[in-house]
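>>> One predicted model, sequence on top.
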Amino acid sequence: MYISEHIRKQLQKLLGKENVLTDEAALLLNGYDCSQSRHRPDLVLNLSSVSQLAPVIALLWQAKTPFIPRASATNHAGSCSAIKGGAVLNLNALNRISSIYTSKGFAEVEPCVITGDLQQELESLGFFYAPDPASEKISTLSGNLAQNASGARCMKYGNTADHTLAVHFITPDGKTHYLRHDQPGPDWLGLIAGSEGTLGLIEKMTVKILPLPKHVHTFLTTFPSLEQAIQTVTDLVAQGIIPRCIEAMDRTTTQAVENFSHAGYPTQAEALLILELDGELKTIQQQAPVLEKICQQNKCQTFITAKTEKEREKLWQGRRAAYSAMAALAPDVAVGDGTVPRSALPQALKKVREIIEKYGVFASLLFHAGDGNFHPQLVFDSRQPEQTQRVGKALQEILKTCVDFGGTISGEHGVGVQKRALMAYQYDAPTLRLFQQIKKAFDPANLANPEKIIPVGFEEKARPFQEENKEVLALAQEIKNRFSQKIPSLICGYNPSPKEAFSHALPTDRLRQILEIDKANFTATVQAGIQVNHLAQALEKENTFAKLPPQYTGSLGGLIAAKTYLPFINQLTSIQVILPNGDIVNYGGKLMKNAAGYNLCRLFAGSMGQLGLITKVTFKIYAFPQQAETLSAPFSVPTDDLFIRMKKVIDPEYLFISAQEGGKQ
Amino acid sequence: MKNKIYLNPSSFVSTSGKPETLIASVNRCTRCNACVQSCPSYLIKPEETASPRGRVQLIRLILEGKVKPQHHLPLIKHSLQDCLLCGRCTLACAGNIAVAQQVSCLSKAVNLPLMPASLKFFLHLKVLSPRFFDILIRFIQFLRYWKLFIVTGIGKKSSLYWIKYLHQTMPAPKQSLQTQLRKNKINISPQKPDFIYLPSLQACYAEPDIGQKTLQLLAPKKTHILFHTSTGFFEYLHGEHTRCLSQAKHLLTQWEKLSSCKAPLVTDSWETFAFLKNYPILFASLSGWQKRAEVFASHVRFVADFIKPQKSALNFKTALDFSGLLFLPLENISFSRRILKTQAGKNLLECDYSRFPIPLGSVLFARPAQAEQVLLENVKDVARQQIKQVYCLSGWAALILAHALKRHYPAAQAQHIVYLQDQHDRI
């Protein structure tokens, strides 16, 4: 791509001559990351202060030059390679921790603070930042947010999006937006988490910090089969014990790791689990015997407890050396990342082993047993094209297996270029089209990290559309008819007044089924028209509980669309929506982690029924009652720039209208 | 037409003693970036071209023919000159890829000196004509004594950075080590020495006290010593491979001849020690020398080996700064650490390598221009932890750190590890 002399000069004026690199070698050196994808940019810009970001982006927008934000470039998906050329923005110098407020529980940081550095800084103050991706010593906070990384502690504490309170976000036109979870309108912050820089750039972040747990006990246990190991996890959750992490390895991996690091792991067991309990000593002392009992019920072979830092270190030594053990075996390691519902993990892993054997590659299998996320690490030599091809094929097949088991192609590593084609295997055409529309709303000129996430020519390749529920299909047909006749609709749940006041009301109260309460994965799938208090009662009958507001008589879909009860929004794992043109969109599954595509749950939460009609959701449930919080005051329909842009793209005819507008007619 | 630069893919590099070709070593890099946060130059200049991963990839691109070095010389020179050759990336790397050695291979190919030209001249002088070098140093000392040598102009040039420190840290000129010893009537007989002392440059000229202290540590036991022998280290540093090898051969033969392969070789410089320990790698391609070099290396000792640890002698916060250049044989660090741990007990702040972001000695030699920034970081670290005493494994490191501390954080001191003995004397 040609970048005019004029633009280059203006950039040089902004950043200084030495910070605008055009030397071929420098360009090639900024064209790779940890994956196999290599693409040469046309320009490298070294930014030295946060204030330079917005003007540079505005300038690139004017010049219609694509830009790729690049921090540590440690991702395994090719998320920061310059496929279309353009400018690579090297943000690594923006690495200052601006302030830490321990009393208020947050820290303000520049985008490229190394996660481990923040962790270290907080540790001396007696605090910690919960997400701990394995690469925390080298990856940056904004990079973690852009990929929505999570790490081992995710099971208890959640992922990066849950721990980011606010960001200053620059859209590709150079405008800065301040985004928070609790703003009126869609949860934009939740949406940009995992967007891989395709929607814009993070300028500043505010992250949540928590007091360090006073005590941590680590347990190492082995099982004769994978099924028993996973059953242990399910039993633990059923008992209300949520370990802060459950790391696991299969037999082949344990042997490879033991050969490399000599950590003293038992090598004969089929599955090895490392569990950690944290918090007050009293709670741990109550939980530890229960944990041991559950392990023994599931016929564990060994059970080792570590209470001191030294003992813990020894148990973790092998797990930490897992990547090194593989890297020492061959020149290249391809790290996969797939997630399946927890209950499907044993079958999925068995299938993965079969695939690995079929392609004749050596691989280790590490997994986060708590959330069904696993990482096959395939060793190979990239100088041998035949071997590289085999590894590529094996990885593809593994990820397809994940989707077949109701999972996703990426739990925490992102999609980038490497898994882009597989997005068509996971999602149907309407969903991918919606992804494209989201991208268009934020970035109409397709400049921010172009050609990522959304597959090329997906219309033919996409997964065939599947929905059998007659009521949903009928509703979709109705909306489609209205779309063709340009008749507006007002979505309403249990609020009777709009129905009478407005002739084109679109009631959702027919969608009131509870489709599934899955006690193995601790998720519930329900239709969104259900009344919340009815849902809570039904769950209670099954001895399960959700983070729902007490005595709420409105519909579940309404609760989500109005975003009045924030704790529930975090609990959503999948969503089905009918768009204003009648297309049915499906996102997510019974998954604790999903980094494939934009998080649609967060887009429709707070959309006030203006972007689509929520028909079905899956959310997390618990074995014990959850603490109730107060409902926040209802928002009116958002009028901010981002929302208007999104509305224009998704509903250009302005067919989904609000109650106020409905009342006027 | 620029001359074509050829980087030999089968150049020899080694990782923890295992020989490997350059191309094999480069190809082992998986670009995982684990090395980057350990690199001092990257921490100062967070750009891919100044990172170990970037350097390895640059060499890969050159070997693959995608980058023609002759067309990108300014960038390549920048990238290479930023490297401190400290080897911390190798420690951080899961595959222990020897980035520093790869960098020196490329430096040799592009004919880039690893040291500034004038320092190279001084050190050359030391090798070729030690007498003239001696005279020159004395001349500078003389000028300083009469306050004629003011560190402006030429002294401010980065290449003469070390002289600047020499000038500012030493109140009055000191006699060279040899004169001091002669005065104290210490026998420095070259005939059948009981051990061979290989003093560092600083022990010879800048801080003869280090040398004398070292000899005091050794002298009660051994009487016959030999010192002032060139080791080939500096020649190695500035890429003079042939001369380096000839010096190394000379030392090896001399040692064999004088002590019949028995006397231990002691040095007070961490870098020299590491270099001597790696003689077998240096001689790996020469048949017949390999075994002799191994025997030689097994006799090399660091001065810390002769320090007797005494319990709880240091009752204030203490730290160890281990400065390494090119190689980092860890057993030696742990030995020095053990001594300090015995003496300081709880007062020894965990001297994790990552806590001292930059090895000082190397900075001074390799990148004097960056020394100030780097030093400041170390000083901040010392101040933050309220350390009172920092022990260094190299004289240069102690010298410059002491100077920086004096200026910015006078509550702390930096000393060479040989001065640990002083603590004993005081008690």
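Happy to help now that I have it. Residues are numbered from 1 along each chain as shown, chains lettered A, B, ... in the order given.
>>> Please parse the chain into its domains.
Using chain A here. Domain segmentation of chain A under automatic domain parsing yields A:5-90, A:97-211, A:215-323, A:329-418, A:422-461, A:470-664.
>>> oops, chain B please
Split by automatic domain parsing, chain B gives B:12-109, B:114-171, B:174-306, B:309-426.
>>> Comparing the ones you listed by mean pLDDT, which bottoms out?
Ranked by mean pLDDT, the domains of chain B bottom out at domain B:114-171, with a mean of 55.
>>> any residues touching stretch A:299-315, and which ones?
Here stretch A:299-315 makes contact (CB atoms under 8 Å, 6 or more residues apart in numbering or on different chains) with A:216-224, A:228, A:232, A:263-264, A:266, A:268-269, A:274, A:288, A:292, A:295-296. For glycine as for every other residue, the C-beta is placed from the backbone atoms N, C-alpha and C.
>>> Kindly write the ChimeraX command that selects the buried subset of those residues.
Remark: buried members of those, expressed as a ChimeraX selection using 16 or more other CB atoms under 10 Å in any protein chain shown:
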select /A:216,217,218,219,220,221,222,223,228,232,263,269,274,288,295
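>>> Just the ones of the contacts of stretch A:299-315 in helices?
Among these, the ones falling in helices (DSSP state H) are A:228, A:232, A:288, A:292, A:295-296.
>>> ok, those vs B:Leu136, which is closest?
Nearest to B:Leu136, judged by CB to CB, of the ones in helices among the contacts of stretch A:299-315 is A:Ala288 at 71.8 Å.
>>> Spit out the contact partners of the closest one.
Counted by CB under 8 Å, 6+ apart, A:Ala288 has contacts A:217, A:219, A:277, A:305.
>>> burial of the nearest residue to A:Gln296 once chain neighbours are set aside, as a residue count?
In space, and not counting its chain neighbours, A:Gln296 is closest to A:Phe303: 7.4 Å by CB to CB, 6 or more residues apart in numbering or on different chains. Residues within reach of A:Phe303, counting by other CB atoms under 10 Å in any protein chain shown, total 14.
>>> ditto for the one 10 residues further on
For A:Glu313, the count of nearby residues is 12 (other CB under 10 Å).
>>> Tell me, what's the model's pLDDT at it?
84.
>>> got it, and A:Ser261?
79.
>>> That one - nearest residue in space that isn't next to it in sequence?
A:Ala321 (3.9 Å).
>>> And for A:Asp42?
Excluding the flanking residues, the one nearest A:Asp42 by CB to CB, 6+ apart is A:Gly85, at 4.6 Å.
>>> Next: A:Gly264.
Closest to A:Gly264 by CB to CB, 6+ apart is A:Lys314, at 7.2 Å.
>>> quick check, the one you found in a helix?
Yes. Per DSSP: H, G, I helix; E, B strand; the rest coil, A:Lys314 lies within a helix segment.
>>> Could you measure from it over to A:Ala321?
12 Å (CB to CB, to the nearest Å).
>>> Which one of these two is surrounded by more residues?
A:Ala321 (20 against 16).
>>> okay, that one: pLDDT?
Reported pLDDT for A:Ala321: 79.
>>> which stretches of the stretch 551-665 of chain A form strands?
In the stretch 551-665 of chain A, the segments counted as strands under DSSP state E, counting those that start in this stretch are A:572-578, A:584-588, A:613-620.
>>> In JSON lines, list those along with mean pLDDT.
Shown next, in JSON lines, are the strands of the stretch 551-665 of chain A (pLDDT from 0 to 100):
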{"stretch": "strand A:572-578", "mean pLDDT": "94"}
{"stretch": "strand A:584-588", "mean pLDDT": "93"}
{"stretch": "strand A:613-620", "mean pLDDT": "94"}
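>>> Please identify which of these is closest to B:Ile5.
Taking those one by one with CB to CB, strand A:584-588 is closest: 53.8 Å.
>>> could you give the angle of the closest one to strand A:613-620?
For strand A:584-588 against strand A:613-620, the angle by axes from the mean of the first three to the mean of the last three CA atoms, to 10 degrees is 20 degrees.
>>> Note down every partner strand of strand A:584-588 and its orientation.
strand A:572-578 (antiparallel) (DSSP bridges).
>>> Residues of chain A that sit close to chain B?
A:23-26, A:28-30, A:32-34, A:46, A:72-74, A:90, A:92-93, A:95, A:112, A:114, A:116, A:135, A:137-138, A:323-324, A:327-328, A:331-333, A:383 (CB under 8 Å from any CB of the partner chain).
>>> A:Gln10 belongs to a helix, doesn't it?
Yes. Per three-state DSSP, A:Gln10 lies within a helix segment.
>>> so who does it touch?
A:Leu59.
>>> repeat for A:Glu108
Counting by CB under 8 Å, 6+ apart, A:Glu108 makes contact with A:97-101, A:204-206.
>>> Which of those residues fall within strands?
A:97-101, A:204-206 (DSSP state E).
>>> Looking at these, which one is closest to chain B?
Proximity of these to chain B (CB to the nearest CB) peaks at A:Ile97, which lies at 14.7 Å.
>>> in stretch B:410-421, what's buried?
For stretch B:410-421, burial by neighbour count (16+ other CB under 10 Å) applies to B:412-421.
>>> Now render those as JSON lines, adding distance to A:Val257 and secondary structure.
Listed next are those as JSON lines, based on distance: CB to CB, whole Å; DSSP: H, G, I helix; E, B strand; the rest coil:
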{"residue": "B:Ala412", "distance to A:Val257": "43", "secondary structure": "coil"}
{"residue": "B:Gln413", "distance to A:Val257": "45", "secondary structure": "strand"}
{"residue": "B:Ala414", "distance to A:Val257": "41", "secondary structure": "strand"}
{"residue": "B:Gln415", "distance to A:Val257": "43", "secondary structure": "strand"}
{"residue": "B:His416", "distance to A:Val257": "42", "secondary structure": "strand"}
{"residue": "B:Ile417", "distance to A:Val257": "38", "secondary structure": "helix"}
{"residue": "B:Val418", "distance to A:Val257": "43", "secondary structure": "helix"}
{"residue": "B:Tyr419", "distance to A:Val257": "44", "secondary structure": "helix"}
{"residue": "B:Leu420", "distance to A:Val257": "40", "secondary structure": "helix"}
{"residue": "B:Gln421", "distance to A:Val257": "45", "secondary structure": "helix"}
